[in-house]
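# any chance you could fold what I've pasted below:
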Amino acid sequence: MYLVGLPHIARDLGASEAQLHIAFSAYLAGMASSMVFAGKIADKAGRQPVAITGAVIFALASGLCSLADNSTLFLIGRFIQGIGAGGCYVVAFAILRDTLSAQRRAKVLSMLNGITCIIPVLAPVIGYLIMLKLPWQSLFWTMAAMGMLVFILSMTVLKETHPGAHHAATPATFQPSEKLLNRFFISRLLVTTFSVAVILTYVNVSPVLLMEVMGFDRGQYSTVMALTAMVSMAVSFSTPFALNVFKQRTLMLTSQVLFLAAGVILATASEHALMLVGITLICAGFSVGFGVAMSQALGPFSLRAGVASSVLGIAQVCGSSLWIWLAAIIGLNALNMLIGILIGCSILCILLLMMVRPAAHYEEISQQS
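Modelled structure (predicted):
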């Protein structure tokens with residue numbers, strides 16, 4: 001949301017836009033650091049306390065960003081924002097693992113993905129509309145209000161779902177062991193990490209790609225982001241119906257093929273219309289496969305869903321940050337940074353999905369409530 005206000009933030013804080021671009025990585029670093037502890041705490045103390053704490057931290061940090069009068073304080077606020085968001089991220093996936101069977105979880109995660117994957121695409125549009133009338137500080141007060149809304153929902157609506165909270169004497173039902181170091185979990189961890197790296201790279205480079213490389217103005221940029229968000233939403237909400245017809249593995253392979261096609265198109269296209277097709281395929285690819293892959297990754301875990309969610313989140317955040325950092329060090333421009341992650345990671349993910357399939361003891365009872 002704050003990306004469109006970056007020039008105004010840089011001017012008011014006496015920093016360059018290049019210096020403040022690190023705010024994206026600072027936020028992801030905060031998420032990763034909190035995920036180290038959030039999952040284990042959620043498995044011991046329950047999901048609700050972590051969600052409440054994360055929401056409060058996020059809201060307070062958003063207020064700090066809006067009140068910052070220098071770039072250092074602003075970056076600190078962004079790091080703390082990430083800490084709060086990391087706890088909520090872990091808990092969201094753990095709750096779904098607690099309450100849904102494998103097939104229902106894949107469908108619900110795909111629908112949830114329809115919301116979560118369009119937010120990074122739609123948020124700059126919302127930021128643009130806010131800044132038509134209000135200063136950049138209003139962007140972070142809006143984020144603070146979001147945090148307080150999550151706090152209220154966590155206090156009043158969210159019920160504790162961790163099985164240990166209600167059945168402390170009951171051993172894990174579905175798995176004799178819930179070890180993180182197994183081929184299947186690691187393969188799905190890599191698939192989801194690469195997928196997140198693709199979408200976050202796209203979000204990070206989209207202002208440069210659309211406004212500098214393709215020559216769009218801010219209004220046209222917002223329009224393109226809004227249209228691709230609609231594509232993401234349509235695909236995500238169609239995926240649960242597709243799961244009634246196609247196997248989960250088929251949809252995950254489709255996701256990676258779309259990424260590969262997007263990379264090839266962006267690498268070879270010279271016309272803006274074709275480049276927009278490639279961008280659309282990125283959003284569609286993420287929407288059709290990420291929820292299914294996350295569901296499979298969490299499948300082997302019953303009592304350790306919080307820890308598994310943490311490991312997934314840390315890998316996704318750190319993997320994305322590492323690629324963006326390495327690409328900057330190497331000196332790749334925005335377009336090549338996106339092409340590299342699309343082609344390289346899609347090929348690796350296709351190989352992983354072809355070689356590693358769910359083991360028999362990871363199959364869950366389909367009627368589990």
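
# give me the most central residue, this structure.
residue 196 (5.9 Å; Cα atoms, centre = their mean).

# test my guess that it contacts residue 318.
No. With contact defined as Cβ atoms under 8 Å, residue 196 does not reach residue 318; the gap is 10.2 Å. To be clear about C-beta, it is placed using only N, CA and C from the backbone, and glycine gets the same treatment.

# distance between stretch 325-341 and the chain's centre?
20 Å (Cα atoms, centre = their mean, to the nearest Å).

# now do the same contact list for residue 225.
With contact set as Cβ atoms under 8 Å, 6 or more residues apart in numbering, residue 225 has these partners: 121-122, 124-125, 206, 210.

# quick check: the farthest pair among those?
122 and 210 (14.5 Å; Cβ to Cβ).

# any idea how far residue 223 is from the residue nearest to the centre of the chain?
25 Å (Cβ to Cβ, to the nearest Å).

# try residue 71
Using Cβ to Cβ, residue 71 is found at 31 Å from residue 223.

# out of all of them, which helix in the chain is the longest?
helix 71-99 (DSSP state H).

# for that helix, buried residues please.
71, 74-98 (16 or more other Cβ atoms under 10 Å).

# check which helices and strands that helix is in contact with.
Under the contact definition 3 or more Cβ pairs under 8 Å, 6 or more residues apart in numbering; DSSP states H and E, helix 71-99 sits against helix 6-13, helix 17-20, helix 22-45, helix 47-67, helix 102-116, helix 137-156, helix 272-298, helix 305-330.

# give me the neighbour count for the closest residue to residue 106 other than its chain neighbours.
Closest residue in space to residue 106, ignoring its immediate chain neighbours: residue 295 at 4.1 Å, by Cβ to Cβ, 6 or more residues apart in numbering. Other residues near residue 295 come to 26 when the count uses other Cβ atoms under 10 Å.

# and the pLDDT for residue 295?
Looking at residue 295, its pLDDT is 83.

# related to what we said a few turns ago, gap between the longest helix of the chain and the chain center?
Distance, centroid of helix 71-99 to centroid of chain: 11 Å (Cα atoms, centre = their mean).

# so after the lowest-mean-pLDDT helix or strand in the chain, what's the next helix or strand?
The weakest-scoring helix or strand in the chain, judged by mean pLDDT, DSSP states H and E, is helix 163-166 (a mean of 55). Later in the chain than helix 163-166, the nearest helix or strand by DSSP states H and E is helix 183-207.

# what average pLDDT does that next one get?
88.

# before we move on, what about stretch 131-147?
For stretch 131-147, the per-residue pLDDT averages 91.

# rewinding a little: how far off helix 47-67 does the longest helix of the chain point, in degrees?
160 degrees (axes from the mean of the first three to the mean of the last three Cα atoms, to 10 degrees).

# and residue 9, how many neighbours does it have?
23.

# ditto for residue 346
24.
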